[in-house]
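Student: pasted the sequence and its predicted model underneath.
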2 protein chains.
Amino acid sequence: MGRWEPGATQRLVVAAVDLFTEQGYDATTVAQIAERAGVTRSTFFRHFSDKRELLVAGQETLSRLLADGITEAPAYASPMQAVAAGLERASSEMGPANRELGPRIHAAIAASTELQERDALKSVGMAAAMTDALVARGVADPTAHLAAELGVLAFKRGYAQWAATDRDDGTGLAQHALAALEELRAATASLG
Amino acid sequence: MGRWEPGATQRLVVAAVDLFTEQGYDATTVAQIAERAGVTRSTFFRHFSDKRELLVAGQETLSRLLADGITEAPAYASPMQAVAAGLERASSEMGPANRELGPRIHAAIAASTELQERDALKSVGMAAAMTDALVARGVADPTAHLAAELGVLAFKRGYAQWAATDRDDGTGLAQHALAALEELRAATASLG
């Protein structure tokens, strides 16, 4: 197998999720993950700094895509429309493999406080990236902060719904994330 | 000094924040913190499981107070009014020592990824406690989730403002947190 085979990242994530599910996060070593994925330990460390990073792979990419979508939205877009553009941009990069792995990654995170902490910081990073992109569009704080938090909530709720629905229903993540955003937007009217 | 002297928790937190500020989080040991606070290592471990827990001391208490305030709000209170009651309940427990330590704790957290992760999970726990308390009042999801997130944002924004203002201006945390909540509520009208 070639050292730089492009599928290595994906294979390492799948192998890790399998092992975390089978024997738990704490009991799983980097060596075991590398072996299961059919790569060397040094290949593992070219892709990830440690086993924890495996489960939040793509964090920077995700934050960047969300922010890019906001930045590239038309000048006349409202804060909520810009956030919707961010969700569409990020969703466009998520395919069947993400839909399949999502719930299993979620289960592994739920079983480990250490992973919960890492995952929580990921959400903070997503919100910060979206807030910054909105502020750069001239959206005033706290509207920017609020819109970004709604975006993070919508992405997470949409992802969970997408992963929970029938694999063959033909819906993409964007559809679920945008529906969740609209639902949250509508809920602002019933806050009282 | 008595083993169960009531001020030990507070002294340990102050000693830890001092040491984290002086020499950094990573370089500070439990033994140093205990010595600075004038207690034994075993006293430290009766109060905290590790040095990281020092900076998120009171997390469970804070979540419980926020939820209690929501639960005890009048039956006719709207979701946002219930969240305001939670902020008032939690704020009532925060005095000058919290106002003084807040910014220094914040600085220590900002300087350590490990502490940032722990702090992020704290916010997740606060939001979950508030969401559960709102759902128990019959507030439908996603309104409950949204109201809880606004409550967490308001508490954090209010705390930062409280800590940043003149110590002698006589304002309490509740005043700042409720103003931040109202500001966020008003911002929902400009989301577009």
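Tutor: Okay, I see it. Numbering: from 1, shown residues only, chains lettered A, B, ... in the order given.

Student: from here on, just use CA atoms for contacts and neighbour counts.
Tutor: Noted.

Student: distance of the closest residue to A:Asp50 other than its chain neighbours from A:Ser42?
Tutor: Spatial nearest neighbour of A:Asp50, chain neighbours left out: A:Val30 (7.4 Å); criterion: Cα to Cα, 6 or more residues apart in numbering or on different chains. Using Cα to Cα, to the nearest Å, A:Val30 is found at 10 Å from A:Ser42.

Student: so between these two, which is more surrounded?
Tutor: More neighbours surround A:Val30 than the other of A:Val30 and A:Ser42, with 18 against 12 (other Cα atoms under 10 Å in any protein chain shown).

Student: in contact with the more buried one, which residues?
Tutor: Residues in contact with A:Val30 (Cα atoms under 8 Å, 6 or more residues apart in numbering or on different chains) are A:Arg41, A:Phe44, A:Asp50, A:Lys51.

Student: name the residues of chain A found near chain B, please.
Tutor: With Cα under 8 Å from any Cα of the partner chain as the criterion, chain A meets chain B at residues A:78-81, A:116-118, A:120-121, A:124, A:142-143, A:146-147, A:149-150, A:183-184, A:187-188, A:190-192.

Student: mean confidence for the strand or helix carrying A:Leu134?
Tutor: Here A:Leu134 sits within helix A:113-136, counting by DSSP states H and E. What helix A:113-136 shows for mean pLDDT is 88.

Student: ok, now stretch A:164-173?
Tutor: Averaged across stretch A:164-173, the pLDDT comes to 80.

Student: how far off centre is that stretch?
Tutor: 17 Å (Cα atoms, centre = their mean, to the nearest Å).

Student: then it to PDB, C-alphas only?
Tutor: The C-alpha trace of stretch A:164-173 is given here as PDB (Å, rounded to 0.1, in the frame of the first residue of the first chain):
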ATOM      1  CA  ALA A 164     -31.300   9.100  11.600                       C
ATOM      2  CA  THR A 165     -33.400   9.000   8.400                       C
ATOM      3  CA  ASP A 166     -33.600   6.200   5.900                       C
ATOM      4  CA  ARG A 167     -30.300   6.000   3.900                       C
ATOM      5  CA  ASP A 168     -32.300   5.800   0.600                       C
ATOM      6  CA  ASP A 169     -34.500   8.800   1.000                       C
ATOM      7  CA  GLY A 170     -32.300  10.900  -1.200                       C
ATOM      8  CA  THR A 171     -32.100  13.900   1.200                       C
ATOM      9  CA  GLY A 172     -28.700  15.600   1.800                       C
ATOM     10  CA  LEU A 173     -27.400  17.100   4.900                       C
END
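
Student: so for that stretch, what gets flagged as buried?
Tutor: A:Gly172, A:Leu173 (16 or more other Cα atoms under 10 Å in any protein chain shown).

Student: element containing the residue nearest to A:Asp68 when sequence neighbours are not counted?
Tutor: Nearest residue to A:Asp68 in three dimensions, chain neighbours excluded: A:Gly86, at 6.6 Å (Cα to Cα, 6+ apart). Secondary-structure assignment from DSSP H and E places A:Gly86 in helix A:79-91.

Student: and the helices in chain A?
Tutor: In chain A, the helices defined using DSSP state H lie at A:8-23, A:30-37, A:41-47, A:51-54, A:59-72, A:79-91, A:96-110, A:113-136, A:143-164, A:173-187.

Student: quick one: mean pLDDT for the second one?
Tutor: Going back to what we said before, that points to helix A:30-37. On average, helix A:30-37 scores 94.

Student: next, the buried residues of it.
Tutor: Neighbour counts over helix A:30-37 (16+ other Cα under 10 Å) mark A:Val30, A:Ile33, A:Ala34, A:Arg36, A:Ala37 as buried.

Student: what's around the closest residue to the fourth one other than its chain neighbours, how many residues?
Tutor: Think A:Arg36. Spatial nearest neighbour of A:Arg36, excluding adjacent residues (Cα to Cα, 6+ apart): A:Ala15 at 5.7 Å. Using other Cα under 10 Å, A:Ala15 has 19 other residues around it.

Student: and A:Arg64, by the same measure?
Tutor: Count around A:Arg64 with other Cα under 10 Å applied: 19.
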